[in-house]
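Chemist: This is the structure alone, sequence omitted:
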């Protein structure tokens with residue numbers, strides 16, 4: 001009788017390991033608080049499905065046993081989306097409660113993706129890398145050339161990912177953001193990958209704000225903003241800046257639902273710098289190297305489709 005249970009022992013051990021691992025990961029609890037979608041939205045998706053998909057993506061990055069509760073709903077607001085911080089931990093660096101609102105006035109033309117876990121509506125994608133002092137870091141995972149009901153509209157998934165990104169650390173209500181942004185950058189510390197990276201922040205009349213500077217960071221960074229006819233996924237810069245502010249432990253730098261073709265950027269990071277160096281010293285063709293709009297920092301564009 002004892003022997004019957006021996007063959008199931010590996011499965012039991014595996015289950016215990018998975019359960020223990022999941023208990024150590026970040027948990028984002030989402031609660032719908034009401035509102036109706038705008039009548040001029042495109043696509044057959046719904047806000048709940050899209051928010052849940054976005055929450056799973058952000059959860060996949062961090063390994064800390066922290067629960068973040070986000071209420072969300074539709075409301076007539078001036079912007080496409082809005083994040084309101086409602087409560088923090090004792091240290092003031094981790095948001096525990098927040099609210100996300102999305103515009104239903106009709107001014108924002110949203111695409112509501114019925115399959116937010118895949119990106120099949122977008123025919124082209126690229127990954128952009130820059131060096132802000134800590135080595136070539138991914139700063140953009142962007143999908144373009146939308147088709148069908150996505151064409152001509154603002155991707156709601158991207159907007160939700162951006163607003164949840166504020167709750168992960170880049171928020172004016174976060175005491176750690178206020179302290180770390182005083183110099184106009186978020187500096188990645190030694191405990192994180194790409195240590196020494198100085199992520200440049202946007203500013204306005206109130207000072208430095210929780211968005212990346214669009215004149216310094218290559219186009220497509222999630223925490224810079226969202227435009228129509230594109231989808232943005234969290235980049236390594238987005239993930240690590242929030243980890244720096246909130247003190248999160250990074251377990252992955254890849255979105256949980258990212259398509260395989262955009263993962264080629266990880267492989268290219270290993271050989272691309274060497275290729276650039278050899279190409280620069282040879283008489284052959286130069287690598288594809290462009291400049292940011294300020295000309296201060298070289299960027300690498302990796303086309304995947």
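Modeler: Alright, I've got the coordinates. Treat the numbers as computed from the prediction; the structure is a model and nothing was measured.

Chemist: in stretch 104-123, what counts as buried?
Modeler: By 16 or more other Cβ atoms under 10 Å, the buried positions in stretch 104-123 come out as 104, 108, 110-113, 116, 119, 121-122. All C-beta spots, glycine's among them, are computed from the backbone N, C-alpha and C.

Chemist: what about this protein, any weak spots by pLDDT?
Modeler: The chain contains residues with pLDDT under 70 at 1-24, 257-305.

Chemist: Spatially, what comes nearest to the spatially most central residue of it if we skip its sequence neighbours?
Modeler: Using Cα atoms, centre = their mean, the residue of the chain that lies closest to the mean C-alpha position is residue 234, 2.0 Å off. Of all residues not flanking residue 234 in the chain, residue 222 sits nearest, at 5.1 Å (Cβ to Cβ, 6 or more residues apart in numbering).

Chemist: Over to residue 155?
Modeler: Counting by Cβ to Cβ, 6+ apart, residue 155 lies nearest to residue 231, which is 4.8 Å off, once chain neighbours are set aside.

Chemist: Next: residue 216.
Modeler: Leaving aside its chain neighbours, residue 216 sits nearest to residue 200 (4.1 Å; criterion: Cβ to Cβ, 6+ apart).

Chemist: Which residues belonging to stretch 234-252 are considered buried?
Modeler: Under the neighbour-count criterion of 16+ other Cβ under 10 Å, stretch 234-252 has 234-250 buried.

Chemist: The stretch 151-300 of the chain: strands as residue ranges?
Modeler: 154-155, 185-187, 198-204, 207-212, 231-233, 290-291, 298-303 (DSSP state E, counting those that start in this stretch).

Chemist: Minimum distance to residue 36: which of those strands has it?
Modeler: strand 154-155 (17.8 Å; Cβ to Cβ).

Chemist: If you count contacts, what does the closest one end up packed against?
Modeler: For strand 154-155, the packing partners by 3 or more Cβ pairs under 8 Å, 6 or more residues apart in numbering; DSSP states H and E come out as strand 110-111.

Chemist: need the strands for the stretch 1-150 of the chain, in chain order.
Modeler: Counting by DSSP E, counting those that start in this stretch, the strands of the stretch 1-150 of the chain are 27-32, 67-75, 81-88, 95-103, 110-111, 122-131, 136-146.

Chemist: neighbouring strands for the longest one, and are they parallel or not?
Modeler: For strand 136-146, the paired strands and their directions (DSSP bridges) are strand 122-131 (antiparallel), strand 231-233 (antiparallel).

Chemist: Can you check what angle separates it from strand 207-212?
Modeler: Interaxial angle, strand 136-146 versus strand 207-212 (axes from the mean of the first three to the mean of the last three Cα atoms, to 10 degrees): 70 degrees.

Chemist: how far off strand 198-204 does strand 136-146 point, in degrees?
Modeler: Interaxial angle, strand 136-146 versus strand 198-204 (the same axes, to 10 degrees): 50 degrees.

Chemist: what's the residue nearest to residue 155 in contact with, if anything?
Modeler: By Cβ atoms under 8 Å, 6 or more residues apart in numbering, the residues touching residue 231 are 119, 121-122, 142-143, 146, 155, 157-158.

Chemist: Residue 162 versus that one, what's the distance?
Modeler: Using Cβ to Cβ, to the nearest Å, residue 231 is found at 11 Å from residue 162.

Chemist: give me the beta-bridge partners of the residue nearest to residue 182 when sequence neighbours are not counted?
Modeler: Take residue 182 and drop its neighbours on the chain: the residue closest to it by Cβ to Cβ, 6+ apart is residue 208, 7.5 Å away. Residue 208 has the following beta-bridge partners by DSSP bridges: residue 203.

Chemist: Many thanks, I have nothing further to ask.
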